[in-house]
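[1] I'll drop the sequence and a predicted model, then ask my questions.
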Amino acid sequence: MGRKTYESIGRILPGRKNVIITRREEFSVPGAHISHSLDDALNTLRAEGHREIFIIGGRQVFRDTMGLIDRIYLTRVHRDYDGDTFMPPIPENEFTVVFEEKHSGDIPFTFLIYDRKDLKEHKHPDRPVTWMRGS
Ligand SMILES: NC(=O)c1ccc[n+]([C@@H]2O[C@H](COP(=O)([O-])OP(=O)(O)OC[C@H]3O[C@@H](n4cnc5c(N)ncnc54)[C@H](OP(=O)(O)O)[C@@H]3O)[C@@H](O)[C@H]2O)c1
């Protein structure tokens, strides 16, 4: 996750390795690994043998990893809200919806899974699957 996403959550996420990327040399968070580049973040996780890497935002990190990921878990909330940060567009020519689940209720939403169209070609024993998760 990007440093701003970490600060918006205000804590590390329990039960998994947390990697925060920042260009700030002095930045540290107990219990989290700090990387100063995307490459370092991904290489650290690969070197430790993690088979699934979840990219959890924010916009800057989603934007810069869109070309690297194999799957997107997306929740579309069917309401308008004020906001100052937006998920970058999903390149529809590169991804296809493989799962869609509509939920009604006070705040209707649709949960979607997109897979990279050439996902099979991407699968390689040495390459961990990299997911993006956002709403
Ligand atoms: N709805 C959702 O699913 C969701 C998910 C995630 C986040 N969010 C929201 O998104 C907002 C944050 O998104 P954002 O785009 O403003 O920020 P962000 O992507 O979370 O973090 C940006 C910061 O990450 C660091 N960074 C980014 N690329 C880097 C690189 N290549 N190398 C080293 N460091 C790098 C920099 O930190 P430094 O400035 O410290 O150098 C940069 O300022 C928050 O409001 C959060 O609540 C929403």
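    Okay, I see it.
[2] where's the residue nearest the centre of the chain relative to Phe99, distance?
    Central residue check for the chain by Cα atoms, centre = their mean: the C-alpha nearest the mean position is that of Ile55, 2.4 Å away. If you measure Ile55 against Phe99 using Cβ to Cβ, to the nearest Å, the figure is 19 Å. In this view, the C-beta of every residue, glycine as well, is placed from N, C-alpha and C.
[3] now do the strands in the protein.
    With strands called from DSSP state E, the chain shows them at 18-21, 32-35, 52-55, 71-77, 95-103, 109-116, 129-134.
[4] most packed of those strands?
    Per-residue neighbour counts averaged over each of the strands of the chain give the maximum for strand 18-21, namely a mean of 21 (mean count of other Cβ atoms under 10 Å).
[5] what mean pLDDT does that strand have?
    What strand 18-21 shows for mean pLDDT is 98.
[6] determine the longest helix present in this protein.
    helix 38-47 (DSSP state H).
[7] do that helix and the ligand meet at all?
    Yes. Residues of helix 38-47 contacting the ligand under Cβ under 6 Å from any ligand atom: Leu38.
[8] and the contacts of that helix?
    The contact list for helix 38-47, computed with Cβ atoms under 8 Å, 6 or more residues apart in numbering, reads Lys17, Val19, Ile21, His33, Ser35, Ile53, Val61, Asp64, Thr65, Leu68, Pro128, Thr130.
[9] what is the most widely separated pair among those residues?
    Pairwise distances across the contacts of helix 38-47 (Cβ to Cβ) peak at 20.1 Å, for the pair Lys17 and Asp64.
[10] follow-up on the earlier one: against the ligand, how distant is the residue nearest to the centre of the chain?
    Per Cβ to the nearest ligand atom, to the nearest Å, Ile55 is found 9 Å from the ligand.
[11] and the end-to-end length of stretch 36-52?
    One end of stretch 36-52 to the other measures 21 Å (Cα to Cα, to the nearest Å).
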